[in-house]
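# 3D model of this:
(one chain, ligands or ions: 1)
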Amino acid sequence: MTDPFVESPVSHPPFVYSSEVAYGCTFCGECCRERWRVPLDEPTCQSLKQRDWNITALRDRARQDPNFFAESIPTLSTRMAFRNEQGQCILLGQDGLCQAHHHFGAKAKGVVCRLFPYLFVEAPEGIYVGYSFCCRPVRKPQELKTATNILKESVEDTWQEAKNFFPGIHYQKATPRVALGWNIDIPWESYLLLEQGLLTVLSRQGAPFRYLLAAGYYYLNLIGLFLKEFPDRSMEQIHQRVSHFVEAMSKENFERVDRMARRGKARMGLRRYVMSMMLGLHQAGMKARDLRDSGKGRGEISRLSLMRAFFGHFGGRSLGTTLPQELLSEMAGRYLRHVIWRKGLALGSSLYRLGGLCREYAMLLVMFSLIEYYAGVFASGQLGAEEAICEAIRVVERDFVLHAGKDETGPAEQDRDGYDLFLSLFDSLVHSKSFAPSILRL
Ligand code: SF4
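Okay, here's the model as predicted:
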């Protein structure tokens, strides 16, 4: 019997697409106007240098410096990035199109530019095609529906490229076992059953998404407590028990977890503490990164700047918002369900990653609160509620969930200790009964 986790040289599992989230590049140029560093790989750099830039609006720049489009960033795995000027990639033309793509074809773009926003997870049952919500039509499906010009791309070629050139966020492989928490590992098949159960809990109508999120939290904690009862567990036995649990919860229409969500008691200050630490870490991290990129610092987060940022938020403005709850539930719900569907709880490499399904799910509750917080900040500016929530999801996806790693916007890996300090304190809170109702303001 072939081991499903060992690749077959000839064929590959079928591509699996989400029923809720779709993608097509509408040439909006938003990903080229991001503040992240777009890694530039050596082969692309060499091929762009050979191009005839005289036919483009960048002819003068190219005459002055054949490397005009490149910038050295030692912390990136490619050690180079596309030059970013006035908040956008230097190759983004006034027409909003990438000049390399426009004049020399899609293959002339950098590998990461060709891979974004695809996130492939290869598993025995299929290759899951997930997307980054930093891509505008992924966040705003209406724009995809009404777009007249959509880039023709081969998912097969993009998957091959991600697999061969950019393992990390764009390509990951499923693991035979997934850590649940409580030192319990479950087989991949059991994880898929639990994921399906969780997505069913989170897709129900008629309740604000924050209650569904809390029900999901108790759902995962209950399976953990259930499996802890059986110390003698082989993978087969665990799978039987997980199947039994998922079936039983569904049969009672999730009554038990809904009851726990309704009865949850919030604890004063817990949410403000966790949010202030997350916002403080982010603020101090971005400052450290900017100092490093401007050559004025090594990129480490000083404890002092972390404490200052933490207390700034802890004592600062209300972290609550008055956004339309139905709109927030719909937009944040679609995003966070996709994070789970694209295997973001089981796999990933963000700086805020804790490891273990229950802790990752607990962090998802914090991501919901961060979306609410940022949407409140943006809505108090000029943005309408929908655009404010859309922007908040982009910031959370970029800076906390998907692109918050060494290769993207985050500070360098070596100053993880600031994060470890917070994450160990976070750990002490995650299993407290009041965690979910506090973070979700139930
Ligand atoms: S990949 Fe997405 S964000 Fe980038 S230009 Fe295309 S549609 Fe816009």
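# how about the strands in the stretch 1-150 of the chain?
15-17, 70-72, 80-82, 84-85, 88-89, 118-123, 126-131 (DSSP state E, counting those that start in this stretch).
# mind listing the strands the fourth one pairs with, and their directions?
The strands beside strand 84-85 in its sheet (DSSP bridges) come out as strand 88-89 (antiparallel).
# could you work out the end-to-end span of stretch 105-121 for me?
27 Å (CA to CA, to the nearest Å).
# what's the answer for stretch 224-240, then?
14 Å.
# what's the nearest residue to residue 44 if we skip its chain neighbours?
residue 110 (4.7 Å; CB to CB, 6 or more residues apart in numbering). Just so you know, the C-beta spots here come from the backbone N, C-alpha and C atoms, and that holds for glycine as well.
# what is the burial count for the one you found?
Residue 110 has 25 neighbours, counted by other CB atoms under 10 Å.
# so what's it up against?
Listed by CB atoms under 8 Å, 6 or more residues apart in numbering, the contact partners of residue 110 are 38-41, 44, 82.
# please list the residues of the stretch 1-150 of the chain that sit near the ligand.
The stretch 1-150 of the chain has residues 25-31, 116-117, 135-137 near the ligand, with proximity defined as CB under 6 Å from any ligand atom.
# buried subset of these?
25-27, 29-31, 116-117, 135-137 (16 or more other CB atoms under 10 Å).
# distance from the chain centre to stretch 63-77, please.
27 Å (CA atoms, centre = their mean, to the nearest Å).
# now do the buried residues in it.
68-71, 73, 75-76.
# who touches stretch 366-383?
In contact with stretch 366-383 (CB under 8 Å, 6+ apart) are residues 209-210, 213, 271, 274-275, 278-279, 319-323, 328, 332, 335-336, 339, 385, 387-389, 391-393, 395-396, 400-401, 439-441.
# can you give me the buried ones in it?
366-379, 383.
# from the residues you listed, which ones fall inside helices?
Of the positions in the buried residues of stretch 366-383, 366-379 sit in helices, assigned by DSSP state H.
# I'd like those residues laid out as a markdown table, including pLDDT and distance to the ligand.
A markdown table is the format used below for these (pLDDT from 0 to 100; distance: CB to the nearest ligand atom, whole Å):
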| residue | pLDDT | distance to the ligand |
| --- | --- | --- |
| 366 | 94 | 26 |
| 367 | 95 | 21 |
| 368 | 96 | 23 |
| 369 | 95 | 26 |
| 370 | 95 | 21 |
| 371 | 96 | 19 |
| 372 | 94 | 24 |
| 373 | 93 | 24 |
| 374 | 94 | 19 |
| 375 | 94 | 20 |
| 376 | 90 | 25 |
| 377 | 89 | 22 |
| 378 | 92 | 18 |
| 379 | 89 | 22 |
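# how about the closest residue to residue 94 other than its chain neighbours, what does it touch?
Nearest non-adjacent residue to residue 94, counting by CB to CB, 6+ apart: residue 57, 7.4 Å away. Residues near residue 57 by CB under 8 Å, 6+ apart: 93-94, 99.
# distance to residue 291 added to the residues you listed, as JSON lines?
Shown next, in JSON lines, are the contacts of residue 57 (distance: CB to CB, whole Å):
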{"residue": "93", "distance to residue 291": "31"}
{"residue": "94", "distance to residue 291": "32"}
{"residue": "99", "distance to residue 291": "31"}
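# now list the buried members of the residues you listed.
Buried among the contacts of residue 57 (16+ other CB under 10 Å): 93, 99.
# ok, so of the contacts of residue 57, who is nearest the ligand?
For the contacts of residue 57, the residue nearest the ligand by CB to the nearest ligand atom is residue 93; the value is 12.2 Å.
# where in the stretch 301-442 of the chain is pLDDT low?
317-321, 349-350, 405-423 (pLDDT under 70).
# can you name the residue of it nearest the ligand?
Nearest residue of the stretch 301-442 of the chain to the ligand, counting by CB to the nearest ligand atom: residue 394, 9.7 Å away.
# surely that residue is in a strand?
No: using DSSP: H, G, I helix; E, B strand; the rest coil, the secondary structure at residue 394 is helix, not a strand.
# neighbours around it, how many?
22.
# residue contacts, it?
133-134, 139.
# any idea of the pLDDT on residue 182?
Per-residue pLDDT puts residue 182 at 84.
# which SSE is the nearest residue to it once chain neighbours are set aside in?
Among residues not flanking residue 182 along the chain, residue 224 sits closest, at 5.1 Å (CB to CB, 6+ apart). Using DSSP states H and E, residue 224 falls within helix 209-228.
# buried set for that helix?
209-224, 227.
# how far does it sit from its chain's centre?
Using CA atoms, centre = their mean, the offset of helix 209-228 from its chain centre is 21 Å.
# list the residues that contact the closest residue to residue 283 other than its chain neighbours.
With sequence-adjacent residues excluded and distances taken as CB to CB, 6+ apart, residue 283 is closest to residue 309, at 4.1 Å. Residue 309 makes contact with 279-281, 283-284, according to CB under 8 Å, 6+ apart.
# show me those residues that map onto helices.
Filtering those for helices - DSSP H - leaves 279-281, 283-284.
# the residue lying closest to residue 267 once chain neighbours are set aside: how many residues sit nearby?
Nearest non-adjacent residue to residue 267, counting by CB to CB, 6+ apart: residue 434, 3.8 Å away. A count of nearby residues for residue 434, using other CB under 10 Å, gives 16.
# residue 268 is in contact with residue 434, correct?
No: checked against CB atoms under 8 Å, the pair residue 434 and residue 268 is beyond contact range at 9.4 Å.
# enumerate every residue touching the residue of the stretch 151-300 of the chain found nearest the ligand.
For the stretch 151-300 of the chain and the ligand, the shortest gap (CB to the nearest ligand atom) falls at residue 151, measuring 6.7 Å. Neighbour list for residue 151: 24-27, 106 [criterion: CB under 8 Å, 6+ apart].
# what's the closest of the residues you listed to the ligand?
residue 25 (3.4 Å).
# that older thread, in helices, which of the buried ones among the residues of the stretch 1-150 of the chain next to the ligand appear?
Per DSSP H, those map to helices at 136-137.
# hmm, back to that, residue 359: which of the residues of the stretch 1-150 of the chain next to the ligand is nearest?
residue 117 (25.9 Å; CB to CB).
# now the closest one: how far from residue 38?
13 Å (CB to CB, to the nearest Å).
# of the buried residues of stretch 63-77, which is the nearest to the ligand?
Nearest to the ligand out of the buried residues of stretch 63-77 is residue 69 (CB to the nearest ligand atom; 17.3 Å).
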